[in-house]
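1. give me the fold of what follows.
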Amino acid sequence: MDRVLLVDDDVQLCKLLAERLATEGFNMETVNDGSRGLERALSMEYALVVLDLMLPRMGGLDVLRRLRKVSSVPVLILTARGEDSDRILGLEMGADDYVQKPFNPRELIARIRAILRRTGGTETVGPLVVGDIRIDPAVREAWLQDTLLNLTSAEFALLEAFMREPGRVLSREQLTEAVLGRHPGPFDRVIDVHVSNLRRKLGPAQDSQRIKAVRGSGYLFASRPGTKDADHA
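-> Next comes the predicted model:
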């Protein structure tokens, strides 16, 4: 049973969601303030953290910032309407996805399942090498030359999607489905934020952009010049 931590100051909502998710096969633990939420997230192993941004004692963005310094646990943020800037900042800081309040519990469950499907796979897959980047899906590690990359679960999934089809333009719809396990909604820019974060962590490839935006189409992952486009190690 997957253990999920919900950090939200709405006690009644926490109770209702814990009961609902229990019927869906989840073990949901709840905490009602940011400070205790961070402490719990760091002291126990969770498959996912669902984190409200508006919290007492320590705001959700501060919780996420501190959590990301030491943990890559998937994080699904909850935002209220009108918190667009906080939502984008949360994604830039390493959140995997978001759900906007008020929400239908079925939507939250679907988002949770999508993230857990992506991060909990047990299929044996060999390492992939493209240019000077190597990933090992079995242990979810990525290397740039001899440096281990500090990637979130969403960034790793995005890099894997790119490395499986280097040199091919992948649409935002394809990437959203591969990385987030859902279809993008209207004005949905989540995948663009993840691409920006990944691009920053990878850096340039011999003075050229590794991940190129193709206007009106999506993104293309280019291997380093002078290497094979793709190679399975």
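
2. please report how far Ala114 lies from Val99.
-> Per Cβ to Cβ, to the nearest Å, Ala114 is found 11 Å from Val99. Backbone N, C-alpha and C define where each C-beta goes, glycine included.

3. what does the longest helix along the chain rub up against?
-> Identified as the longest helix of the chain according to DSSP state H is helix 105-119. Residues outside helix 105-119 that contact it (Cβ atoms under 8 Å, 6 or more residues apart in numbering): 2, 4, 16-17, 20-21, 24, 26, 47-48, 50, 74, 76, 96-97, 99, 140, 153, 157, 179-182.

4. past it, which element shows up next along the chain?
-> Of the helices and strands lying after helix 105-119 in sequence (DSSP states H and E), the nearest is strand 128-130.

5. packing partners of that following strand?
-> helix 153-164, strand 231-232 (3 or more Cβ pairs under 8 Å, 6 or more residues apart in numbering; DSSP states H and E).

6. sheet partners, orientation included, of that strand?
-> Strand pairing for strand 128-130, determined by DSSP bridges: strand 133-136 (antiparallel), strand 231-232 (antiparallel).

7. just how off-centre is it within its chain?
-> In this view, strand 128-130 has its centroid 21 Å away from the chain centroid, taken as Cα atoms, centre = their mean, to the nearest Å.

8. same question, stretch 139-158
-> Distance, centroid of stretch 139-158 to centroid of chain: 12 Å (Cα atoms, centre = their mean).

9. list the buried residues in that stretch.
-> Under the neighbour-count criterion of 16 or more other Cβ atoms under 10 Å, stretch 139-158 has 142, 144, 149, 151-158 buried.

10. quick one: average confidence on it?
-> Stretch 139-158 shows a mean pLDDT of 94.

11. next one: stretch 8-22
-> Average pLDDT, stretch 8-22: 94.

12. neighbouring contacts of that stretch?
-> For stretch 8-22, contacts defined as Cβ under 8 Å, 6+ apart pick out 4, 6, 28-30, 32-33, 50, 52, 54-56, 78, 105, 108-109, 112.

13. pLDDT score for Phe221?
-> Listed pLDDT for Phe221 reads 94.

14. now the angle between helix 153-164 and the longest helix of the chain, please.
-> 60 degrees (axes from the mean of the first three to the mean of the last three Cα atoms, to 10 degrees).

15. pull the CA atoms of helix 105-119 into CSV?
-> This file holds the C-alpha atoms of helix 105-119, laid out as CSV (Å, rounded to 0.1, in the frame of the first residue of the first chain):
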residue,chain,number,x,y,z
PRO,A,105,-11.5,14.2,-5.2
ARG,A,106,-11.5,12.0,-8.3
GLU,A,107,-9.2,14.4,-10.0
LEU,A,108,-6.8,14.4,-7.1
ILE,A,109,-6.8,10.6,-7.0
ALA,A,110,-6.2,10.5,-10.8
ARG,A,111,-3.2,12.8,-10.4
ILE,A,112,-1.8,10.8,-7.5
ARG,A,113,-2.1,7.5,-9.4
ALA,A,114,-0.5,9.1,-12.5
ILE,A,115,2.6,10.2,-10.5
LEU,A,116,2.9,6.9,-8.7
ARG,A,117,2.6,4.9,-11.9
ARG,A,118,5.6,6.9,-13.2
THR,A,119,7.7,6.7,-10.1
